[in-house]
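1. With the sequence up front, the predicted model follows.
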Amino acid sequence: MKPSKVSISDVHYINIRGTTTSKVAVELLCSSSNPCQGIYMNNVNLQYEGPPKENLPFSSNCTNAKVAYFGVQNPPPCH
């Protein structure tokens with residue numbers, strides 16, 4: 001796969017709420033040659049509604065993304 005030539009920056013997610021059946025509720029997959037920058041997550045509150053036995057772990061996945069977090073973060077933020 002070729003690296004992306006698209007740059008993503010200054011994206012704000014504010015007061016996002018809802019449900020998901022995915023164990024990975026937040027996924028940011030950015031290019032290593034053009035990492036995402038200036039991504040802001042403010043009050044993201046998603047509830048897992050998948051199969052009961054698969055309730056944990058409920059997570060976020062961020063690759064090559066510089067993310068700032070504010071307020072509520074559910075699922076827990078990427079590290």
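-> Happy to help now that I have it.
2. what's in contact with stretch 7-21?
-> 30, 34, 36-50 (C-beta atoms under 8 Å, 6 or more residues apart in numbering). Every C-beta, even on glycine, is put in place using the N, C-alpha and C of the backbone.
3. Okay, helices next: where are they in this structure?
-> Read by DSSP state H, the chain holds no helices at all.
4. residue nearest the centroid of it?
-> In the chain, the residue lying closest to the centroid (C-alpha atoms, centre = their mean) is Val26, at 3.2 Å.
5. Tell me if I'm right that that one and Val44 touch.
-> Yes - between Val26 and Val44 there is a contact under C-beta atoms under 8 Å: 6.8 Å.
6. picking up where we left off before, are any of the contacts of stretch 7-21 buried, and which?
-> Applying 16 or more other C-beta atoms under 10 Å to the contacts of stretch 7-21, the neighbour count classes Cys30, Cys36, Ile39, Met41, Val44, Leu46, Tyr48 as buried.
7. would CSV of those residues with distance to Ser7 be doable?
-> Shown next, in CSV, are the buried ones among the contacts of stretch 7-21 (distance: C-beta to C-beta, whole Å):
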residue, distance to Ser7
Cys30, 9
Cys36, 8
Ile39, 12
Met41, 19
Val44, 23
Leu46, 27
Tyr48, 32
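8. Narrow the residues you listed to those in strands?
-> Counting by DSSP state E, the buried ones among the contacts of stretch 7-21 place Cys36, Ile39, Met41, Val44, Leu46, Tyr48 in strands.
9. could those be laid out in TSV, adding pLDDT and distance to Ser4?
-> Output for these, formatted as TSV (pLDDT from 0 to 100; distance: C-beta to C-beta, whole Å):
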residue	pLDDT	distance to Ser4
Cys36	95	10
Ile39	97	15
Met41	97	21
Val44	97	24
Leu46	95	26
Tyr48	89	30
